[in-house]
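# no sequence on this one, just coordinates:
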């Protein structure tokens, strides 16, 4: 007899699906979870996916993620989808789209970049060069930041 693992549906909140396998813990860190305010967070890691082979899923009850958080998630899981749930129904479903410009989410890896000087409170700004995998260019010093370097900042 074939057994099946079921994850409980949520009444209200956000479901992040199609997360790159084994990246859900990075997503939880980006979202500041667990934070003591959100009571139920469900994480399914490295589960079968007909589209990608393996994926992670995160369900967050009673919280809808904002635009800034979407941009951060896009850096880690560019193929993820976001489902907003209300009264057990999906009211909005979006694929994450990495914006053309990323501001204040990550730091430039160039130690000599003006954004890394304490005496110069300048917000980091990057132009997206490639989306999959992500490659960013610092607006100030021109340094290319590769996907691996981006991921390290969320560990």
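Thanks, I have the structure now. Model, not experiment: these values are computed from the prediction. Residues are numbered from 1 along each chain as shown.

# need phi/psi at the closest residue in space to residue 136 that isn't next to it in sequence.
Of all residues not flanking residue 136 in the chain, residue 126 sits nearest, at 3.8 Å (CB to CB, 6 or more residues apart in numbering). Heads up, the C-betas are built off the backbone N, CA and C, glycines and all. When quoted as degrees, to the nearest 10, the phi and psi of residue 126 stand at phi -130, psi 150.

# next one: the closest residue to residue 51 other than its chain neighbours from residue 119, what distance?
The shortest distance from residue 51 to any residue other than its chain neighbours is 6.9 Å, reached at residue 18 (CB to CB, 6+ apart). Distance from residue 18 to residue 119, counting by CB to CB, to the nearest Å: 42 Å.

# more neighbours: the two, which one.
In this comparison of residue 18 against residue 119, neighbours counted by other CB atoms under 10 Å, the higher total goes to residue 18 at 18 against 5.

# mind giving me the packing neighbours of the lowest-mean-pLDDT helix or strand in the chain?
Between all helices and strands in the chain, the lowest mean by mean pLDDT, DSSP states H and E belongs to helix 67-76, at a mean of 84. Applying 3 or more CB pairs under 8 Å, 6 or more residues apart in numbering; DSSP states H and E, we find helix 67-76 packed against strand 13-20, helix 24-30, helix 147-152.

# deepest in the core, which of those is it.
Of all these, strand 13-20 has the most neighbours on average by mean count of other CB atoms under 10 Å, namely a mean of 21.

# any weak-confidence spans in this protein?
1-6 (pLDDT under 70).

# can you rerun that using 80?
Of all residues in the chain, those with pLDDT under 80 make up the ranges 1-7, 34-39, 52, 118-120, 132, 154-155.

# any idea how it splits into domains?
With automatic domain parsing as the criterion, the domains of the chain are listed as 13-95, 101-152.

# Serialize these to TSV and add fields for distance to residue 7.
As requested, these are arranged in TSV below (distance: least, CB to CB, whole Å):
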stretch	distance to residue 7
domain 13-95	6
domain 101-152	26
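
# report how many residues lie close to residue 122.
Number of residues near residue 122 (other CB under 10 Å) recorded here: 12.

# what's the answer for residue 38, then?
By the measure other CB under 10 Å, the count of residues near residue 38 is 15.

# which one is it nearest to, not counting chain neighbours?
For residue 38, ignoring the flanking residues on the chain, the nearest one in space by CB to CB, 6+ apart is residue 63 at 5.4 Å.
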